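>>> Here's my sequence, what's the structure:
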Amino acid sequence: RLAEQHIVTQSIEDPCLARKNIKWDILRTDLIHPICSGNKFFKLKYYLLDAIQKNHTRIITYGGPWSNHIVASAFAARYCGLASTGYIRGEMPPKMSETLLQAKEEGMELEFLPRSKFPHHDSETVRENTGYSIPQGGYGILGAKGAGEILNYTEKEKYTHICCACGSGTMLAGLIST
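Modelled structure (predicted):
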């Protein structure tokens, strides 16, 4: 558990919207934690629980050099007592991004993969490694299951529309499943 009590709904006052009788609220999941926040907290939840229940001691995940997923996974793994490896798209840069430096500070081992191997490396790593593999960005059924819990922190019945950012579609899949 992280700071779920910090999830709040913030109303946005906008005169243009008010004239059209539109009310707009934002569910501030970004306030959960400074590193593992927003949908990352939710999308990682069931992957980490599954890894622990299956007695894994290491998670493996994938992302780019500025991936919030990488640093959130590094923090969450350490928080749960797990080691972590991040497979990073591209060659090792001469200067690491702040994101990668932060992931290393959280204890994540970083492995760099050429872009040509990156999309296909996921299944190879699972066969060769004893770590628990979390797909890039928390994509997948367990990620969607966690994302589906986001709306538990608001009165969804009072809204006619719910909007969200959409990268891999995992959060959207979770939200529409509830």
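
>>> Nearest residue to the middle of the protein?
Nearest to the geometric centre of the chain sits Lys40, at 2.4 Å (Cα atoms, centre = their mean).

>>> any idea how far the residue lying closest to that one once chain neighbours are set aside is from Lys45?
Leaving aside its chain neighbours, Lys40 sits nearest to Ala72 (3.9 Å; criterion: Cβ to Cβ, 6 or more residues apart in numbering). Where you see a C-beta, it was placed from the backbone N, CA and C, and this is true even at glycine. Distance, Ala72 to Lys45, using Cβ to Cβ, to the nearest Å: 11 Å.

>>> Tell me which of the two has more neighbours.
Taking other Cβ atoms under 10 Å, Ala72 and Lys45 do not tie; Ala72 has more neighbours (28 against 21).

>>> OK, contacts around that one?
Ile35, Cys36, Ser37, Lys40, Phe41, Leu44 (Cβ atoms under 8 Å, 6 or more residues apart in numbering).

>>> now with 10 Å?
The contact partners of Ala72, taken as Cβ atoms under 10 Å, 6 or more residues apart in numbering, are 33, 35-41, 43-44, 61, 63, 99, 102-103, 106, 137-138.

>>> Give me the mean pLDDT for stretch 24-43.
The pLDDT scores in stretch 24-43 average 88.

>>> nope, stretch 166-178 is what I was after
On average, stretch 166-178 scores 87.

>>> buried residues in it?
Neighbour counts using 16 or more other Cβ atoms under 10 Å place Ser168, Thr170, Met171, Leu172, Ala173, Gly174, Leu175 of stretch 166-178 among the buried residues.

>>> quick one: which of those is nearest to Trp24?
Leu175 (17.0 Å; Cβ to Cβ).

>>> Does the closest one touch Tyr153 like I think?
No. Using Cβ atoms under 10 Å, Leu175 is not in contact with Tyr153; the gap is 12.0 Å.

>>> a strand runs through the residue nearest to Lys40, doesn't it?
No. According to DSSP: H, G, I helix; E, B strand; the rest coil, Ala72 belongs to no strand; its state is helix.

>>> Now do the longest helix seen in the chain: distance to the chain's middle.
If you go by DSSP state H, the chain has its longest helix at helix 38-53. Its chain's average C-alpha position is 8 Å from that of helix 38-53, according to Cα atoms, centre = their mean, to the nearest Å.
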